[in-house]
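>>> Sequence and predicted structure are below.
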Amino acid sequence: MSYFVVGYYAMLIGASCLAAHFKQRSLFLLLFSLTLVSFVMGIIGGAPALWFVTVGAGLIALAAGTSYAFREFLVTIAPPETAKELRTAPLTAAFGLFVIFTCAIAMVFADLIAPYGEAEVISSAFAPPDENLLLGADQLGRDIFSRLIYGARNTVGLALAATALAFIMGALAGLYAATKGGMFDQAMGRIADIIMSVPSLIFALLMLSIFGTNLAILVIIVAIIYSPRVFRLTRAVAGNVVVMDYIEAAKLRGEGTWYLIRKEILPNSTAPLIAEFGLEFCFVFLLIAGLSFLGLGIQPPTADWGSMVRENATLISFGDITPLIPAGAIALLTVAVNFVVDWMLFRSSGLKE
Amino acid sequence: MSPVIIIVLKRLGLGLLTLFAISILIFFAVEMLPGDIAQAVLGQGATEENLAALREKLGLDQPAPVRYLQWLSGALVGDFGTSLVSGERVSEAISGRFTNTLFLAAYAAVIAVPVAIILGIIVALLRETLFDRVSNILALTAISSPEFFLGYILILVFAVNMGAFPAIARLSGDLSFLELLHRTFLPALTMVLVVVAHMMRMTRAAIINLLASPYIEMARLKGAPPWKVIVHHALPNAWAPIINVVALNLAYLVTGVVLVEVVFVYPGIGQLLVDAVSKRDFPIVQACCLIFAATFILLNLAADVGAILTNPRLRHPK
Amino acid sequence: MPSKKKEVLLRIEDLRIEGFSNETWIEIVHGVNLTLHRGEVLGLIGESGAGKSTIGLAAMGFARDGCRISGGSVEFDGMELTTTPQSALRALRGSRIAYVAQSAAASFNPAHKIIDQHTEAPLHYRIKKRLEAQEDAMELYERLRLPNPGEIGFRYPHQVSGGQLQRAMTAMAMACRPDLIIFDEPTTALDVTTQIEVLAAIRDIVEQFDTAAIYITHDLAVVAQMADKIKVLLKGHEVEEAATESMLDSPKEDYTKSLWAVRSFRREQKSPPGDDAVPVISVQGIDAAYGDAKVLEDVSFAVHAGMTVAVVGESGSGKSTAARCITGLLPPLTGQILFNGTPLPPRYRDRTKEQLRQAQMIYQMADTALNPKVRISDIIGRPAEFYGGLKGAKLKNRVDELLDLIELEPSKFYHRYPPELSGGQKQRIGIARALAAEPAFIICDEVTSALDQLVAEGILKLLDRLQDELNLAYMFITHDLATVRAIADHVVVMQKGRVVEQGPKTEMFTPPHHPYTDLLLSSVPEMDPNWLTTLLEERGVDNIGEAAKV
């Protein structure tokens, strides 16, 4: 038994005892269950498994620390109203904001940050990381780090464009259908039902097989696939607003549909719609990444996270984690957006009471 | 006839109608091709004779609605025509692979559904504790991760590092059932992770939504212990949303399998579809899409019928 | 009722409860004391926000999510509930202390049969076997005069009417023969004619089993029938407590006196207009339906300038539907609506801006009638801008003028949003919005029923003053006869979509009446503690349920 293993258990048990002594019940439960799990993991996986736990715990602590600092930073620079809300944000939401912020920086300043061009061949294939190549080279000898930075711009930008388009189409139709009702509402509802009854990835594959892979077509197809979801949600949210007496009062006043949408309905639907934009972005982003992974999305040599996974996939069988890096980037950004959306949904549901 | 049967029949009719609309969509989407199928398959360099021959072989001289009816009547008896690339019967290419896909989906579902619902109930019971928060974070992470991320992590850990399970799920004819389960464990686990997280969150939400109802407060004021409040009072009223979520996820298991099949090189219908799309083999694309859409609609239909049947107001009319 | 000198069952001392809002705990009940003897009924009375329900639940050692008992003691039969562990508290609930909720329809679980919910507590505490418990339930149903006591329990909650459910819930509370029952506004959601049955049933069963009870309500007349003693609460503070009779005869505190005095506002009836006067709104023989369900049949009445027509009826009588027909939201099948003698197009979409301007509406729920995301100045200013074309300084002057008219200070309210206002202030903004259009006719749809009595009276007085100043014609939709007495000139009684009887107010409140009007009038609780007893004797006990079904 190495010093590491002994120290590991001593630390955990000591911390559990301290937590129990100071009546931190949930902390104690967490630490002690971790101890028990470690016993099992230690027996099965030996010291490496425990190293894995230690590194994982360190990473989580690092993320929590960063999130905490970032939240304090936001609270300090934000105007008082926003600051008050930010102060109540959970660490997960702060973490999400931090990741989104970082990603946005990478998108905007990709040219400055990336040391090499996105299609620039600078080394041999699969070169290992060194001081020039932060994360090594890919199958053609291009810098993976640079491609990751450019990928943020390409993949995320494409997903944002598709989400925005889906949102404009879906939300407008939903607001109009809720306000007008009648035939338009019925017809749009049916169309949405039909589009939604084809699984999104399958629909995308069908359309791509017909129209070929082309960025503009990709954006339009993805927007069409996801706009019915936006339509349904907007229709439901606006539907709850439309039954309010103040809408009836405005209708009886003789106000037009556009006035009703703009002045009466929209201001009361923004919170759920913003949250939905986040959710929708996650779906779109994962779909586009999936298509790229299948080789049917963004085409080489453009750097893109999904196709980077595909290009380097073979490395995984040699125990190399390179293909996991772009995949992890996709997961990280999606998690971040989901964390923020989760917080927003919790807030808006909490405000209802 | 009881009102429930009428509602169920109406729902079935609507489902059939949707399926019909989908078949039109799938067939005529291909008609929207710039040029026609023959042009698309043979490409720019094709000679007039080759084009004409292919057009005749595909029956393109007939008007589209006629060809649609032929295609649909064929599809109804399982005949989807022949592949443009290999010349094989589409039905033969699909049938074995479809069984494989269904097997994988069923494998994942058998693990995922009970685990997710039980976890959802436990999390609802322990709401707003540390356990709830940690499981919420884990669930969000699993939902947000693309299938290939989870898949490759599992390969790295279980196949490459530990060597416990094969990284590639090749199926050969004479595998025993246990061997089959062992070989397909990693792809099934990948799907289980995504689906459990989603179902668990929705089950929790469905139950917690009900906890503010006056009848839950009444149950508490009658002295019912917390587990009984959840299991006996909240759960029976939460079935409709839970069934919906289960059906949605089962549908996902069948259709979202495409990415997982590619990661694990699993011989399912999803991989066939991806190959067909890149080769522009339209009969196979159409057939796969129709099968996926039909499964999806069928499961949603089952969910709606299930929700109707568990609604006490509909089950016991006035 | 003689006051009973028995052992103390419940003693609450200096009870303090906090509620969680805006990230902090705020005290909402500030030190309330209460003593209840065995078999005694205490009435807890107060307006919304007085903390009645919170105190009632605290008597069971229960605090809703987001509330906590922060101080004082609750001693039930020698047991201190604030320090008792949850499991021991649970063992009391349903067995020794039971609860009857406001809305029985929402408080019965839709997924289980009524009798299974009834027997849950006795089975859980192993007091009875299933069959015994079911037989006992049926016996209680019979005592509570539910129809088909042997069978009704085997139905699901949605298959039973509201008044019957409320009695079934009282039976459920009785299942373990508790020492104490908390009644939390058990008749508030019911129509007056149904309320009588439930009141009589509750009173009988509490007396039969000699159960102690805390009866929570905002209705003085109701509590006068039920309670041995009354405690008045205001914003979590105790105002005063006394035996029912002395409380009614000689309230001590000013607040209590003001509550008692509310019902005194009564406006003189104006003389009816001459025969040749053209009514502002004339409803002539309208029929209306939602889909296949007919909701109005041959409804006719007229509203004259400067006069108030009260349309009275219970829920489902079609009074609100009549308003929807007048505004054009629901086009009538037959018949027509005349404005100053000229027919209005049946659909509001087909009406001219001028026609729309002339008829305005004030809603019951000010919360949903005002857009929470729009400033007060815009809510009131929009009609003035839309119809009158006012802009800039002129518009601002007009809004100030309107705010003055509804007795709200312009400088304080101009820039605010509806959620920042109190219920009464919101309702005043609703009135100002209607006035901004300068209409001839206003529909008031239950405008006071969501408000506390004092505030409601302020609104009625305001509406009355505005009518005199602006010569407005009002159509007042209400189920509350006290409001009718206060403000109406002409009364229209509706039942099941038909006008049963109509005439000037003084005529309508003097016999002889149509039987339904009679039932409606006699069912309104009065402040006399013997009112219910007398009424039951008059009607005959077995008849109460039947009378409501005429």
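On my side now, so go ahead. In this text the structure is predicted, and so the values were computed from the model without any measurement. Numbering: from 1, shown residues only, chains lettered A, B, ... in the order given.

>>> What score does residue A:353 have for pLDDT?
In this prediction, residue A:353 carries a pLDDT score of 32.

>>> Excluding sequence neighbours, find me the nearest residue to residue A:149.
Leaving aside its chain neighbours, residue A:149 sits nearest to residue A:114 (4.2 Å; criterion: CB to CB, 6 or more residues apart in numbering or on different chains). Bear in mind the C-beta positions are built from the backbone N, C-alpha and C, glycine included.

>>> Run through the helices of the stretch 1-150 of chain B in chain order.
B:3-31, B:37-42, B:48-58, B:64-76, B:90-125, B:130-144, B:147-154 (DSSP state H, counting those that start in this stretch).

>>> Please work out which of these is packed deepest.
Across the helices of the stretch 1-150 of chain B, averaging neighbours per residue (mean count of other CB atoms under 10 Å in any protein chain shown) puts helix B:147-154 on top, at a mean of 24.

>>> How many residues are close by the residue nearest to residue A:149?
22 (other CB atoms under 10 Å in any protein chain shown).

>>> remind me which residues of the chain are low pLDDT?
Just going to use chain A. For chain A, applying pLDDT under 70 flags the ranges A:1, A:349-353.

>>> wrong one, I was asking about chain B
Residues of chain B meeting the criterion pLDDT under 70: B:1, B:34-36, B:40-41, B:43-45, B:173, B:318.

>>> how far away is the nearest residue to residue B:233 once chain neighbours are set aside from residue A:127?
Nearest non-adjacent residue to residue B:233, counting by CB to CB, 6+ apart: residue B:219, 4.4 Å away. Taking CB to CB, to the nearest Å as the measure, residue B:219 and residue A:127 are separated by 66 Å.

>>> burial of the residue nearest to residue B:233, as a residue count?
Neighbour count of residue B:219, defined by other CB under 10 Å: 25.

>>> Just confirm it is within a helix.
Yes - counting by DSSP: H, G, I helix; E, B strand; the rest coil, residue B:219 is located in a helix.

>>> quick one: contacts for it?
By CB atoms under 8 Å, 6 or more residues apart in numbering or on different chains, the contact list for residue B:219 reads B:228, B:229, B:232, B:233, C:109, C:120.

>>> so which of those residues comes closest to chain A?
Nearest to chain A among the contacts of residue B:219 is residue B:229, at 19.5 Å by CB to the nearest CB.

>>> my read: the closest one touches residue B:220, true?
Yes - applying CB atoms under 8 Å, one finds residue B:229 in contact with residue B:220, separated by 6.0 Å.

>>> got the residues of the stretch 201-318 of chain B near chain A?
B:251-252, B:255-256, B:258-259, B:262-263, B:273-274, B:276-278, B:280, B:282, B:285-286, B:288-289, B:292-293, B:296-297, B:300 (CB under 8 Å from any CB of the partner chain).

>>> Run through the residues of the stretch 101-250 of chain A sitting next to chain B.
A:193-194, A:197-199, A:201-203, A:205-210.

>>> The same query, at a cut-off of 7 Å, please.
A:193-194, A:197-199, A:201-202, A:205-210 (CB under 7 Å from any CB of the partner chain).
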